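K.L.:
the sequence and its predicted three-dimensional model are supplied below.
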Amino acid sequence: MKYKRILLKLSGEALMGEKNYGIDSNRLEQYANEIKKVKDLGVEIAIVIGGGNIFRGVQAEKTGIDRVQGDYMGMLATLINAMALQSALEQSGMFTRLMSGIKVESVCEPFIRRRAIRHLEKGRIVIFGAGIGNPYFTTDSTASLRAIEIEADVVLKGTRVDGVYTADPEKDKNATKYNTLSFQEAYEKNLNIMDMTAFTLCQENNLPIVVFDMNKTGNLEKLITGEEIGTLITSN
Ligand code: UDP
C-alpha cells in the first residue's frame, strides 16, 4: 500500500450528482462503495467534505448577508453533507465518527486532535465537518490543516477531472494533464489546485497532494495501491 493514512477531500458540489442542488443518494452510495474498498485494505481514512452544493460564504454577500455570517452558514452546510456521508458510510458497514470545527454537541463531537488520531487507530473513519470553524477559510484549507494535524501521508483531492491540466480541460481541448508536479512549478504556472492558504500549508509541511477523479469507479483504490492515478504534487 502506498498510503497508510489518508485525508480525502470531497467537494460538496460532487454530492449533487445528477441533480442541480442538494444531495444525490446515488452519488453518496457510490462514494461509500469506493471508500469501503480502501477501508477493507486497512487504510486509515479521514474525510473533509465541502458545502458548495448547499451554500458558499461568498454567495451570501450578493444577497446582503454579511461575509462572516455567510461563512458560518457555509460551515453548517458542510456539516449537513458530513452527516449525510456519515450515514451512507454506516449503511455500508463502516464505523465512523463525525467531528465538528464548531460546537454542535447534540450532533457530533468537537474536533480534538488526539481523539481524532485515536479514532483512526481504532479503524473508524473520521469525518471533519464545519471546516476549521473560522470564517474566511475553505474546506480545502481544512483538508490541508487537518491532514497535517493527524499526520496523514497525503491529501487526496477527489474531483470530477482526472488531474491537473495545463488549462481547464472542460474549456480548452488542447489542455494536457500533468502526472507529477512540484509545488514550486504549480505555483509558478498559476495552476489552481487549491486556494493559496491550503496550498501553502501543504507545501510548507511537505504534505503531498493528489488530484484525481473520484467519480471513476476503482480510482481511489488504484491510487492507494500505487497506480499512477491523477496528478501527484510533491516538494520535488
Ligand atoms: N467555510 C468557512 N470556514 C471553513 C470552511 C468552510 O468559512 O473552515 C465556509 C465558506 O463560506 C465556504 C463554505 O463554508 O464557502 C463551503 O465550503 P467550500 O466552498 O470550501 O466547499 P466546496 O467548494 O468544497 O464544496
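P.N.:
Here it is on my side, so go on.
K.L.:
now residue 93. Nearest residue, chain neighbours left out?
P.N.:
Excluding the flanking residues, the one nearest residue 93 by CB to CB, 6 or more residues apart in numbering is residue 36, at 7.3 Å. For the C-beta atoms, the positions are set from N, CA and C on the backbone; glycine is no exception.
K.L.:
distance between the helix or strand hosting the one you found and the chain's centre?
P.N.:
Per DSSP states H and E, residue 36 falls inside helix 25-39. In terms of CA atoms, centre = their mean, to the nearest Å, the centre of helix 25-39 is found 14 Å from the chain centre.
K.L.:
give me the mean pLDDT for the helix or strand that that helix is followed by.
P.N.:
Per DSSP H and E, the first helix or strand lying C-terminal to helix 25-39 is strand 44-49. For strand 44-49, the mean pLDDT works out to 98.
K.L.:
ok, and what's touching the next helix or strand after strand 44-49?
P.N.:
Sequence-wise, the next helix or strand downstream of strand 44-49 (DSSP H and E) is helix 57-62. The contact list for helix 57-62, computed with CB atoms under 8 Å, 6 or more residues apart in numbering, reads 66, 67, 69, 70, 71, 73, 74, 135.
K.L.:
mind redoing it with 7 Å?
P.N.:
Here helix 57-62 makes contact (CB atoms under 7 Å, 6 or more residues apart in numbering) with 67, 69, 70, 71, 73, 74, 135.
K.L.:
and if you look at stretch 111-130?
P.N.:
Taking CB under 7 Å, 6+ apart as the rule, stretch 111-130 contacts 5, 39, 44-49, 75-76, 78-79, 82, 85-86, 89, 94-102, 108, 142, 146, 149-150.
K.L.:
repeat the analysis, applying 6 Å as the threshold.
P.N.:
With CB atoms under 6 Å, 6 or more residues apart in numbering as the test, stretch 111-130 has contacts from 44-48, 75, 78-79, 82, 86, 89, 94-102, 146, 149-150.
K.L.:
same thing with stretch 193-210?
P.N.:
Stretch 193-210 is contacted from outside by 138, 140-141, 144, 147-148, 154-156, 164, 183, 186, 230, 232-235, using CB under 6 Å, 6+ apart.
K.L.:
any of the residues you listed buried? List them.
P.N.:
138, 140-141, 144, 147-148, 154-156, 164, 183, 186, 230, 232-234 (16 or more other CB atoms under 10 Å).
K.L.:
helix/strand/coil for the residue of the chain positioned farthest from its centre?
P.N.:
Here the centre of the chain is the reference, and by CA atoms, centre = their mean the most remote residue is residue 64, at 28.9 Å. At residue 64 the chain is in coil, as set by DSSP: H, G, I helix; E, B strand; the rest coil.
K.L.:
backbone dihedrals for it, please?
P.N.:
Here is the backbone geometry of residue 64 (degrees, to the nearest 10): phi 90, psi 0.
K.L.:
residue 71 versus that one, what's the distance?
P.N.:
Distance of residue 64 to residue 71, given as CB to CB, to the nearest Å: 15 Å.
K.L.:
for the nearest residue to residue 11 once chain neighbours are set aside, give me its contacts.
P.N.:
Of all residues not flanking residue 11 in the chain, residue 50 sits nearest, at 4.6 Å (CB to CB, 6+ apart). By CB under 6 Å, 6+ apart, the contact set of residue 50 is 11, 12, 139.
K.L.:
ok so, going back, which among the contacts of stretch 193-210 are in contact with the ligand?
P.N.:
Subset of the contacts of stretch 193-210 in contact with the ligand: residue 138, counting by CB under 6 Å from any ligand atom.
K.L.:
kindly report the residues of the chain close to the ligand.
P.N.:
Near the ligand, when you scan the chain using CB under 6 Å from any ligand atom, you find 11-13, 50-52, 56-57, 70-71, 74-75, 77-78, 131-132, 134-135, 137-139, 142.
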